[in-house]
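Enquirer: Coordinates for the following, if possible.
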Amino acid sequence: MLGLITSVVIGITDNTWSQTNSNLLELTNSENPTTPAIKEPADFTILPVGVNVGERAVIFTVLVRGEEDGSGAVNFEQWLVPYDTVIKALKLEVTPLADGLIEMRSPGLITRIDPSQLRNDPELGLVFSIEEIQTLLGVPAEFEINEYAIVFNPPWLGKRGGRIGITEVPIQLEGLPLVKPANFTFTAIEQGVNTTGSEASSLDYQGELTAVGTLLDGSWYFRVNQPELLDSRTWNLREAQYLQQTNAADYVVGSQPSFWRTQAAGDYWGVTTIQRQGFTPPESLGGSGFIPGQRLQSSQVGRTIVGETDPGTLVRLTQGFGDIVLAEVLVDSSGIYRFDDVPIGGRSFGNYRVLLYPQGRLTAQPEIREATFSTVPGQIPAGASATLISAGIRRQASGREDQSFVGEFTNVQGGVNQRWGVSEDVTLGIGGIYDQLPRGIGEIFFRPTDIPLELAATVVSPNEEESWDVNASLRYNPTAHLSTRFNSDRISQRFNLNWRVSPNFSLLGSYNSRDSTAVGVQTTFSGRGFFTFARATLDTENRFRWNLTQRLGSLEFTQQGNE
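Expert: The predicted structure is shown next:
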């Protein structure tokens, strides 16, 4: 009779058997048709108990299998608690996975279990033992005889889950009037005047006229140089350009920088287009205008973060020292975690941290692994490409009275350049130019994942003087305290070394093919109200250079020398 009464009470107070978990039980039984029900211990019975989480009662009455002697629980670790009761009490989010496992998630725990390993009680259904709750879920439990309740004490009690990902708030445009821009606008015009003179000479007026506006989907501007403001015959058109830039393509007509280095006099006027696939260029700030090198590189490059750890470890990816979780993965039996296409560059500075939580327990102290990356200017994502086509003419503008307003056009020039993101580590480019004679161009941008090396190099085939034009930049930082840099161009080769022996003392070295080799030391000290900086070098030409700065409060002393 008692068993009948308690069963009725359970039906009223703990309606926890959901359709989802009923299906889970059916799935488990169908997968394990021969799994026998557990045998009841001779001294275990069905007990009606409450369930508390911390000091709060969450379930007033539920049936469990256990035994107590009036003063406490008997063999408490072997007590059996219904599966649904544990899920409800601990507020676990349960997700069935394609491989047959189920993922359990809470503010302090993310783990996966095999439902076929759960025991099946003939009266309670799927059950956890207290021992399994403590080992698999990491939740301590005890039996409070006075309240006649099982008390769960999850380590994450009172904590909130970490923020997963960064969600951009969409811009709401609904209801706003649509304003169609005019096909042509004259935004601003400026006339600058500079006056010079003296008592012995008359005043001389010079000026500069600039104007800017919009045309169709782009912008235009021009600049007129006025060597003699009052004599329009000396005026000459310095710049005139139409520019249209989007994430996918750029179009520029008029005066512009060429994408190759040239020694020819004058400036370049022509038509240029850049077509991009698979990436967006960095934002142009400060009115820098059209710079071909910048528009050929990517604002962000995706890198892969991969590592090894124990199966069951929860791995989270964060940036800097923030608490926003960009991505997370629960390591499977392979023991390998991977985060693909992690953005480097742009607003993402490449400072990432990988947090490893053993057994998926977020309340445990995580192992922290640094994942710091950088990109080489010119590098684009794997699979991306860019094409640049340019044709134009060289122009001379001297400001003579007999010269036309637009100047003198001389040599025809132009070129084509194609760039590919071969892999995450390598970007290659190839092209050709015509600048008085045809020449070929080759490019490589290399930043390996596992080596602290950065290489950017551009090679142009020989000119009339049969000399190669090689422009290269190589950085290698084998440790956090030792950095080296090598630069080469058609003028010289340079090498610099900086070895930080201690936080306040560094050894220096430098080499310049057109100058000399030098070694030196550098030291810095700072404290409350004072700062000291000292640097001294000696080169192979016996030139001794030093720089000393001492600051004390608002008083500063600086001395420099070169002997």
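Enquirer: where do the helices sit along the stretch 201-350 of the chain?
Expert: Assigned by DSSP state H, counting those that start in this stretch, the helices in the stretch 201-350 of the chain fall at 292-295.
Enquirer: and if you look at the chain?
Expert: Using DSSP state H, the helices of the chain run over 2-13, 19-31, 83-90, 130-136, 292-295.
Enquirer: where does this protein dip in pLDDT?
Expert: Residue ranges of the chain with pLDDT under 70: 1-43, 158-169, 263-265, 284-288, 320-323, 341, 344-350, 372-375, 398-403, 465-466.
Enquirer: can you rerun that using 50?
Expert: Within the chain, the ranges that satisfy pLDDT under 50 run 1-23, 25-39, 42.
Enquirer: quick one, domains of it?
Expert: When the chain is parsed with automatic domain parsing, its domains come out as 2-161, 182-196+204-245, 301-372, 498-563.
Enquirer: okay if I get the ones you listed as TSV plus mean neighbour count and distance to residue 428?
Expert: Heads up, the C-betas are built off the backbone N, CA and C, glycines and all. Formatted as TSV, the domains of the chain follow (neighbours: other Cβ atoms under 10 Å; distance: least, Cβ to Cβ, whole Å):
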stretch	mean neighbour count	distance to residue 428
domain 2-161	16	39
domain 182-196+204-245	15	25
domain 301-372	16	14
domain 498-563	13	28
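Enquirer: okay if I get the ones you listed as CSV plus distance to residue 480?
Expert: Conversion of the domains of the chain to CSV gives the following (distance: least, Cβ to Cβ, whole Å):
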stretch, distance to residue 480
domain 2-161, 33
domain 182-196+204-245, 39
domain 301-372, 10
domain 498-563, 8
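Enquirer: Would you tell me which of the ones you listed gets closest to residue 432?
Expert: Closest approach to residue 432 among the domains of the chain (Cβ to Cβ): domain 182-196+204-245, 24.7 Å.
Enquirer: where's that closest one relative to the chain centroid, distance-wise?
Expert: Centre-to-centre, domain 182-196+204-245 and its host chain are 40 Å apart (Cα atoms, centre = their mean, to the nearest Å).
Enquirer: Next up, the contacts around residue 511.
Expert: By Cβ atoms under 8 Å, 6 or more residues apart in numbering, the contact set of residue 511 is 493, 494, 495, 496, 517, 518.
Enquirer: hmm, 10 Å instead?
Expert: If you count contacts by Cβ atoms under 10 Å, 6 or more residues apart in numbering, residue 511 has them with 486, 492, 493, 494, 495, 496, 497, 517, 518, 539, 540.
Enquirer: how near is the nearest residue to the fifth one once chain neighbours are set aside to residue 460?
Expert: Computed as Cβ to Cβ, 6 or more residues apart in numbering, the closest residue to residue 495 that is not its neighbour in sequence is residue 511, at 4.2 Å. As defined by Cβ to Cβ, to the nearest Å, residue 511 lies at a distance of 24 Å from residue 460.
Enquirer: Ok, residue 77 next?
Expert: Residue 77 sits 76 Å away from residue 460 when distances are taken as Cβ to Cβ.
Enquirer: Residue 234 too?
Expert: Separation of residue 234 from residue 460 (Cβ to Cβ): 37 Å.
Enquirer: With residue 146 instead?
Expert: From residue 146 to residue 460 the distance is 87 Å (Cβ to Cβ).
Enquirer: Kindly report the same for residue 136.
Expert: Here the criterion is Cβ to Cβ. By it, residue 136 lies 64 Å from residue 460.
Enquirer: what about residue 463, how many neighbours?
Expert: Residues lying near residue 463 (other Cβ atoms under 10 Å) number 15.
Enquirer: Could you tell me which residues make contact with it?
Expert: By Cβ under 10 Å, 6+ apart, the contact set of residue 463 is 263, 435, 436, 437, 439, 469, 490.
Enquirer: Leaving out the residues flanking it, which one is nearest to the third one?
Expert: Taking Cβ to Cβ, 6+ apart as the measure, residue 436 lies nearest to residue 411, with 6.1 Å between them; neighbours along the chain are not counted.
Enquirer: Which of the contacts of residue 463 are buried, as a ChimeraX select command?
Expert: In ChimeraX, a selection of the buried entries from these looks like this (16 or more other Cβ atoms under 10 Å):
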select :435,439,469
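Enquirer: So which of the contacts of residue 463 is the closest to residue 338?
Expert: Closest to residue 338, out of all of the contacts of residue 463 and judged by Cβ to Cβ, is residue 469, at 41.2 Å.
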